[in-house]
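In: Whatever this is, show me its structure:
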Amino acid sequence: MDKISTIILASSLIIIMLGMGLSLVTDDFKRIIIYPKAIFVGLVNQLILLPLIGFAIAVLFPLTPEIAIGLMILAACPGGPTSNLIAHLAKGDTALSVTLTALSSFVTILTIPFIVNFALIHFLDEGQMIKLDVVETIIRIFIIIIIPISIGMIIRRYKESFALRMANPVRKASGIVIALVIIGIVIKERENFVSYFQQAGIVALILNVTTMLVGYYSAKLFRIKDKRAVSISIESGIQNGTLAITIAVVLLGSTELAITPAIYSLLMFFTGGVAIYFGNKRDKVSNRVLSGIEL
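Out: Sure thing, here's the model as predicted:
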């Protein structure tokens, strides 16, 4: 992509994270004390199990280096605002989802450069080798993630009515921009897109579904209640595809590496819809049981 396109992509991510900040308050971070077990399980899934599962899939399947690295970039990313919306619609614990997204967004600033560099070294030949500068990458991700979130939180704190009014328009605007970016990537890689989709679509779907299942059953293993288990499942399996695309295009200068995150960003709405269906079904059953007990 050209310089203008990369600027537009980085700007769209900044807008998305600003919108996320508009929805956050300091109490969201206090939930570490209120729900320590749920937070711990969610972060272990997000920060440790997700990259390990991503690497296992990348090794087990016969993927091109570009698709494998794109998968690892995706697995290194935190959850995004979309996961909060899906958790809400699936009758999960929205507050827990927001907290996990916020915390993982802060922590992955430090983990992303190392995971991505590991993937680059493992999957690329010496002649193709590219590498992220760890310190520079941390600074750049800090600028496009943490600063907008912080500004959004400050606006929410001092101008709450304005923040609440702006949250929805900002979300819609960022969604339109990232849709245009994905279309741009598809057009640029149109000659190879069908073969890329055949590889990336399958592994992106496997990563998505596997991590959601691992998230849900790991929560149940630790006896975490249903609503929180739903949120942990969604946070474990719905990643910030926009950030993954930004890392590929802006930091690594490659639309090929952005193919897997771009395809994933489309597929996650399908699996998110399935999660919403089962979440609502579970909620109705729970309500019937409670109604029966009360009678």
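
In: From now on I want contacts and neighbour counts done on CA atoms only, so please keep to that.
Out: OK.

In: Give the buried residues for stretch 61-72.
Out: By neighbour count with 16 or more other CA atoms under 10 Å, stretch 61-72 contains the buried residues 63, 65-72.

In: Measure how far stretch 79-86 is from the centre of its chain, please.
Out: 7 Å (CA atoms, centre = their mean, to the nearest Å).

In: ditto for stretch 148-166
Out: For stretch 148-166, the distance to the chain centre is 22 Å (CA atoms, centre = their mean).

In: Likewise for stretch 227-245?
Out: On CA atoms, centre = their mean, the centre of stretch 227-245 falls 5 Å from that of its chain.

In: Just the CA coordinates for that stretch, please, in PDB.
Out: What follows is stretch 227-245 as a C-alpha-only set of coordinates in PDB (Å, rounded to 0.1, in the frame of the first residue of the first chain):
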ATOM      1  CA  LYS A 227     -22.000 -15.100  31.800                       C
ATOM      2  CA  ARG A 228     -18.300 -14.600  32.600                       C
ATOM      3  CA  ALA A 229     -17.400 -17.800  30.800                       C
ATOM      4  CA  VAL A 230     -19.100 -16.500  27.700                       C
ATOM      5  CA  SER A 231     -17.100 -13.300  27.900                       C
ATOM      6  CA  ILE A 232     -13.800 -15.100  28.400                       C
ATOM      7  CA  SER A 233     -14.700 -17.300  25.400                       C
ATOM      8  CA  ILE A 234     -15.300 -14.300  23.200                       C
ATOM      9  CA  GLU A 235     -12.200 -12.400  24.400                       C
ATOM     10  CA  SER A 236     -10.100 -15.500  23.800                       C
ATOM     11  CA  GLY A 237     -11.300 -15.900  20.200                       C
ATOM     12  CA  ILE A 238     -12.200 -12.500  18.800                       C
ATOM     13  CA  GLN A 239      -9.000 -10.500  18.100                       C
ATOM     14  CA  ASN A 240      -8.400  -7.000  17.100                       C
ATOM     15  CA  GLY A 241      -8.100  -7.600  13.400                       C
ATOM     16  CA  THR A 242      -7.600  -3.900  12.600                       C
ATOM     17  CA  LEU A 243      -4.400  -3.900  14.800                       C
ATOM     18  CA  ALA A 244      -3.100  -7.000  13.100                       C
ATOM     19  CA  ILE A 245      -3.700  -5.400   9.700                       C
END
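
In: Which parts of the stretch 51-200 of the chain are helices?
Out: 65-76, 81-89, 94-123, 134-141, 147-158, 160-188, 193-221 (DSSP state H, counting those that start in this stretch).
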